[in-house]
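**Q** curious how this folds, go ahead:
(chains A and B)
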Amino acid sequence: MNPKRKRRLTIIIGLVCGLSVAVGFGAYAMRHSIDLFVTPGDIAAGTVPTNQRISVGGLVVDGSLKRGDGLTIHFDVSDNKSVVAVSYDGILPDLFREGKGIVVKGMLTEDGRVVANEVLAKHDENYMPPEAKAAIEKAGHPKGV
Amino acid sequence: MQQRVNQAETKTATLWQWINNTFHRFGSPKYFYDLTGKLLPWCWAGVLLVLIPGLIWGLAFAPPDYYQGNSYRIIFIHVPAAGIAMMGYAVMAFAGIVTLVWRMKMADVIAKVVAPIGASFTFLCLVTGAIWGRPTWGTWWEWDARLTSMLILFFLYVSVMALRAAIEHPDVAARATAVLSIVGIVNLPIIRYSVNWWNTLHQPSSIRLTGSSLAPEMLYPLLACIVGFYFLFAVLVMLSARNEVLLREYRSAWVKKWLKP
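**A** Take a look at the predicted model:
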């Protein structure tokens, strides 16, 4: 390769490396703002501010869904370590199920509960036909796997 | 022993020479035009024999998902489109590097024609994702890391096109868009790994190097669609690159001969 081209290639590689490092540092510094949601574990650890708009993500605990007055519903969200109670006044997405992942948007109250004003269903990366799902459940594997 | 080392060195040297020659041959618009003329029918065959059956298989015959029902079928368009969107950007950026380092005319032809094609696939990916997100998540759009970085990819494509259109001098336009394309490479690993690095609403990849979490009867049509989309991308790029070559080389003897047989 002639020296002129070599120099230009070096400059470009240097530019891309430098830029990657800069963006990497930036993304690392902003990692908590880039996260779409906090986990029940973060709430248990006390790092989540109260009375501010937050999003909490996790799995809906099996058997925790209770209907309250009117449209209000109550359920627990877990990250398999900690659990947080959520109350929500509104219409749930079609794919809301116990044992499945969701993201709720709302506020954390002083007593550690989340009052939600929006619930999103989260889908996982597993896809299978209904018969395969039935066979897995028949074989005694837990729900939601 | 010494002889063997020498032999190996000669072999490496010949291989390197071959790569070098092939690379420089691509710099010739006429060579590119002739080669793509031979490759095009094969890529069209790929579209007809892989993409179309793959789409029919996926959209009509693959079983529904146990959880999402039929709405998951958007995967057969969404995932291949996302792959092409990112691969197209990588092609455009690589062509940008060749433009800047080797000043090769053909590299800029590729960079120019890939931009609108890549932007279209990115748009297709964003739209199908939104259509799927509404019934699945309960929202058309969420500012999570995957969705946002994909939107940035779309804006990058559009700004590369806008920059080229704004500069009148073709050589200056080539170099300026090359720099912008190269800078945007940083976004590609962010898109790819956003679902692993941050908490996102978007689920992680279903197909990984270590295996897949799709049932086989869904995986095979998806793979056919992915391969088929690559053929479609190749066809679209070759067709528009050939037009661009004729447009840029219309004064050269071989184009004149081609125009008036």
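**Q** would you map the strands across the stretch 151-261 of chain B?
**A** B:207-208, B:211-212 (DSSP state E, counting those that start in this stretch).
**Q** right, is the first one up against chain A?
**A** No. Strand B:207-208 is not in contact with chain A by Cβ under 8 Å from any Cβ of the partner chain; minimum separation 9.0 Å. Where you see a C-beta, it was placed from the backbone N, CA and C, and this is true even at glycine.
**Q** now mean pLDDT and distance to B:Ala173 too, for the strands of the stretch 151-261 of chain B, in TSV please.
**A** Compiled in TSV, those are given as follows (pLDDT from 0 to 100; distance: least, Cβ to Cβ, whole Å):
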stretch	mean pLDDT	distance to B:Ala173
strand B:207-208	84	38
strand B:211-212	84	42
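**Q** what does stretch B:223-233 rub up against?
**A** Under the criterion Cβ atoms under 8 Å, 6 or more residues apart in numbering or on different chains, residues B:43-44, B:46-47, B:50-55, B:57-58, B:76-77, B:79-81, B:83-84, B:87-88, B:117, B:121 lie in contact with stretch B:223-233.
**Q** cool, and stretch B:68-78?
**A** Residues external to stretch B:68-78 that are found in contact with it (Cβ under 8 Å, 6+ apart): A:95, A:123, A:127, B:54-55, B:58-59, B:62, B:64-65, B:124-125, B:128-129, B:131-132, B:135-136, B:218, B:221-222, B:225.
**Q** which of those residues are buried?
**A** A:95, A:123, A:127, B:54-55, B:58, B:62, B:65, B:124-125, B:128-129, B:132, B:135-136, B:218, B:221-222, B:225 (16 or more other Cβ atoms under 10 Å in any protein chain shown).
**Q** the residue nearest the centre of chain A pairs with what?
**A** Nearest residue to the geometric centre of chain A (Cα atoms, centre = their mean): A:Gly57, 3.7 Å. The partner list for A:Gly57 in beta bridges (DSSP bridges) reads A:Val103.
**Q** doesn't A:Ile102 make contact with it?
**A** Yes. Taking contacts as Cβ atoms under 8 Å, A:Gly57 lies within contact range of A:Ile102: 7.1 Å.
**Q** name the residues contacting each of the two.
**A** Common contact partners of A:Gly57 and A:Ile102 (Cβ under 8 Å, 6+ apart): A:77, A:122.
**Q** what's the host helix or strand of A:Glu137 packed up against?
**A** A:Glu137 belongs to helix A:130-138 when assigned by DSSP states H and E. Helices and strands touching helix A:130-138, as assessed by 3 or more Cβ pairs under 8 Å, 6 or more residues apart in numbering or on different chains; DSSP states H and E, are absent.
**Q** list the buried residues in it.
**A** Within helix A:130-138, the residues that qualify as buried are A:132-133, counting by 16+ other Cβ under 10 Å.
**Q** residue contacts, residue 86?
**A** Here I'm looking at chain A. If you count contacts by Cβ under 8 Å, 6+ apart, then A:Val86 has A:56, A:74-77, A:104, A:106, A:113-116 around it.
**Q** nope, chain B please
**A** B:153, B:188, B:191-192.
**Q** next up, phi/psi of A:Gly68, please.
**A** The phi/psi pair for A:Gly68 (degrees, to the nearest 10) reads phi -100, psi -150.
**Q** report pLDDT for it.
**A** A:Gly68 carries a pLDDT value of 78.
**Q** for it, list the residues it contacts.
**A** Contacts for A:Gly68 were tallied using Cβ under 8 Å, 6+ apart; they are A:74, A:87.
**Q** repeat the analysis, applying 6 Å as the threshold.
**A** Contacts for A:Gly68 (Cβ atoms under 6 Å, 6 or more residues apart in numbering or on different chains) come out as A:His74.
**Q** check A:Ile12 too.
**A** Contacts of A:Ile12 (Cβ under 6 Å, 6+ apart): B:Ile97.
**Q** buried ones in the helix or strand encompassing it?
**A** Take DSSP H and E as the rule and A:Ile12 turns out to sit in helix A:3-29. Across helix A:3-29, burial judged by 16+ other Cβ under 10 Å covers A:8-9, A:12, A:16, A:27.
**Q** next one: stretch B:165-173
**A** By 16+ other Cβ under 10 Å, the buried positions in stretch B:165-173 come out as B:Ala173.
**Q** and the helix or strand hosting B:Val101, how far out from the chain middle?
**A** If you go by DSSP H and E, B:Val101 is part of helix B:75-102. Distance of helix B:75-102 from the chain centroid (Cα atoms, centre = their mean, to the nearest Å) equals 4 Å.
**Q** what does stretch B:237-244 contact?
**A** By Cβ under 6 Å, 6+ apart, the surrounding residues in contact with stretch B:237-244 are B:36, B:40, B:109, B:113.
**Q** if we use 10 Å, what do you get?
**A** Contact with stretch B:237-244 is made by B:29, B:32-33, B:35-37, B:39-40, B:43-44, B:88, B:91, B:106, B:108-110, B:112-114, B:116-118, as judged by Cβ atoms under 10 Å, 6 or more residues apart in numbering or on different chains.
**Q** hang on, the earlier thing: quick one: is the helix or strand following the helix holding B:Val101 near chain A?
**A** For helix B:75-102, the following helix or strand on the C-terminal side (DSSP H and E) is helix B:105-136. Yes. Applying Cβ under 10 Å from any Cβ of the partner chain, one finds that helix B:105-136 is in contact with chain A at B:132-136.
**Q** and of those residues, the nearest to chain A?
**A** For the residues of helix B:105-136 next to chain A, the minimum distance to chain A (Cβ to the nearest Cβ) is 5.4 Å, reached by B:Thr136.
**Q** okay, the residue located most distally from the centre of chain A: pLDDT?
**A** Distance from the centre of chain A peaks at A:Asn2, with 51.6 Å (Cα atoms, centre = their mean). If you check A:Asn2, the pLDDT there is 85.
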